[in-house]
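S.K.: The sequence isn't on hand, but the structure is:
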């Protein structure tokens, strides 16, 4: 049977827990909500909503799996390899496998985005 | 190298073509934009934006692959197996493999949603 996570407003959903990254993950001010993934028994991909507080960033990552990102709120900057690009709501970013990447909040409010990954 | 599809407004993106489904696909008034997929050389998943005009619907489908959906605009109804559910912007729907499903526009304006699939 399918699953519906009803939107509650302010980028929060019914039946979805809020996760925070501990400092040892080399992130600052990042939360994650797994909207589709192991809990939904999704075998092929996962969909998460990340939110970065003002001044925050995700870890500088490089790994084999790819990311599909859609910005949902705020203003940010993505590093892709040696370049950086400003991104705003509804911009779509594809991060191929093994590409160095990082997301930073460059605005005054929350910076939020959906992120798709293959099931790991 | 990564790919960024800049948002142009009105659910249209730079570097993304508009596709329409022909009537023989058993859809009415449905367009699709492939945001991440073969063009972006994404090996594991695809992200598409579908839009259904007022009175329109997607085909009544049942297939092995699963769908991850996030509503972006308008009002719609999703059939999951023998049940139907009204859905609104930012609601998240997971359609498991082999589940009968269909999306209908139940509002007066465009009904749009992101849809993730595994690479086929």
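M.R.: Now that the structure is in, tell me what you want to look at. Just so it is clear, the structure is predicted and the values come from calculations on it, not from any experiment. Residues are numbered from 1 along each chain as shown, chains lettered A, B, ... in the order given.
S.K.: For chain A, just list every one of the strands.
M.R.: For chain A, applying DSSP state E gives strands covering A:3-5, A:7-9, A:12-13, A:19-20, A:28-36, A:45-57, A:67-73, A:76-80, A:83-87, A:92-95, A:101-105, A:111-118.
S.K.: Reformat these as CSV; add mean neighbour count and mean pLDDT.
M.R.: C-beta: built from backbone N, CA, C; applies to glycine. CSV is the format used below for the strands of chain A (neighbours: other CB atoms under 10 Å in any protein chain shown; pLDDT from 0 to 100):
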stretch, mean neighbour count, mean pLDDT
strand A:3-5, 20, 98
strand A:7-9, 13, 98
strand A:12-13, 16, 98
strand A:19-20, 11, 94
strand A:28-36, 20, 97
strand A:45-57, 20, 98
strand A:67-73, 23, 98
strand A:76-80, 21, 98
strand A:83-87, 15, 98
strand A:92-95, 26, 98
strand A:101-105, 22, 98
strand A:111-118, 22, 98
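S.K.: Okay, and the beta partners of the residue positioned nearest the centre of chain A?
M.R.: For chain A, the residue nearest the mean C-alpha position is residue A:50 (3.6 Å; CA atoms, centre = their mean). Bridge pairing for residue A:50 (DSSP bridges) gives the partners residue A:32, residue A:113.
S.K.: wait, doesn't it sit right on residue A:30?
M.R.: Yes - the pair residue A:50 / residue A:30 is scored as a contact, 6.3 Å apart, by CB atoms under 8 Å.
S.K.: what's the overlap in contacts for those two?
M.R.: Shared between the contact lists of residue A:50 and residue A:30 (criterion: CB atoms under 8 Å, 6 or more residues apart in numbering or on different chains) are residues residue A:58.
S.K.: what about residue A:32, distance to chain B?
M.R.: For residue A:32, the distance to chain B equals 14 Å [CB to the nearest CB, to the nearest Å].
S.K.: List the contacts of that residue.
M.R.: Applying CB under 8 Å, 6+ apart, the residues near residue A:32 are A:19, A:20, A:21, A:48, A:49, A:50, A:51.
S.K.: Name all residues that make contact with the closest residue to residue A:107 other than its chain neighbours.
M.R.: Counting by CB to CB, 6 or more residues apart in numbering or on different chains, residue A:75 is the residue found nearest to residue A:107 once chain neighbours are left out, at 3.5 Å. Residue A:75 makes contact with A:86, A:87, A:88, A:105, A:106, A:107, A:111, according to CB under 8 Å, 6+ apart.
S.K.: what's around the fifth one, how many residues?
M.R.: Neighbouring residues of residue A:106 were enumerated by other CB atoms under 10 Å in any protein chain shown; the total is 17.
S.K.: residues contacting it?
M.R.: If you count contacts by CB under 8 Å, 6+ apart, residue A:106 has them with A:75, A:76, A:77, A:86.
S.K.: Ok, the third one next?
M.R.: Contacts were defined as CB under 8 Å, 6+ apart; by that measure residue A:88 touches A:71, A:75, A:76, B:7.
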